[in-house]
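Novice: One predicted model, sequence on top.
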Amino acid sequence: MITNFFIPELNNHDVQEQWFQQDGVTCHTARVTIDLLKDTFGDRLISRFGPVNWPPRSCDLTQLDYFLWGYVKSLVYADKPQTLDHLEDNIRRVIADIRPQMLEKVIENWTSRLDYIRASHGSPMPEIIFKM
């Protein structure tokens, strides 16, 4: 996927200033994978065994964990879908309805989380708060 889709797609965009972050799943951190990503992102790779080592189990810093999954799940199951088609339709609708302004708030929240964790020298956040 990285070789056949991701990197060719990146060639259509200016990624000189972009960072890449991924979790620590074994297939994501295999030497061949890390080497491919280093070739593309250089020292702007945040990953286990990458130039910037992402802390394990960092739910305080991972937007998918502290925001997206809970947000999507709360809306997807609101009408208690009874069929797989209904569930899939709900997932597609909820994801499509996420607006850039919401993502800007997620990034603002993420930077305040980084500030907290820097100031506390890596301590977990005492309470998880997402401000909209």
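Specialist: Alright, I've got the coordinates.

Novice: I107: neighbouring residues, count only.
Specialist: I107: 10 surrounding residues under other C-beta atoms under 10 Å. C-beta coordinates here come from the backbone N, C-alpha and C atoms, glycine included.

Novice: In contact with F20, which residues?
Specialist: Counting by C-beta atoms under 8 Å, 6 or more residues apart in numbering, F20 touches 37, 40-41, 44-47.

Novice: And S47, by the same measure?
Specialist: 20-24, 28-29, 34, 37, 53-54.

Novice: ok, so of those, who is nearest Y77?
Specialist: Y77 lies nearest to D23 out of those, by C-beta to C-beta, at 24.3 Å.

Novice: my guess is that closest one meets T62, correct?
Specialist: Yes: using C-beta atoms under 8 Å, D23 is in contact with T62, at 7.4 Å.

Novice: if you go through the chain in chain order, where are the helices?
Specialist: Applying DSSP state H to the chain gives helices spanning 7-10, 31-41, 63, 69-76, 84-96, 100-119.
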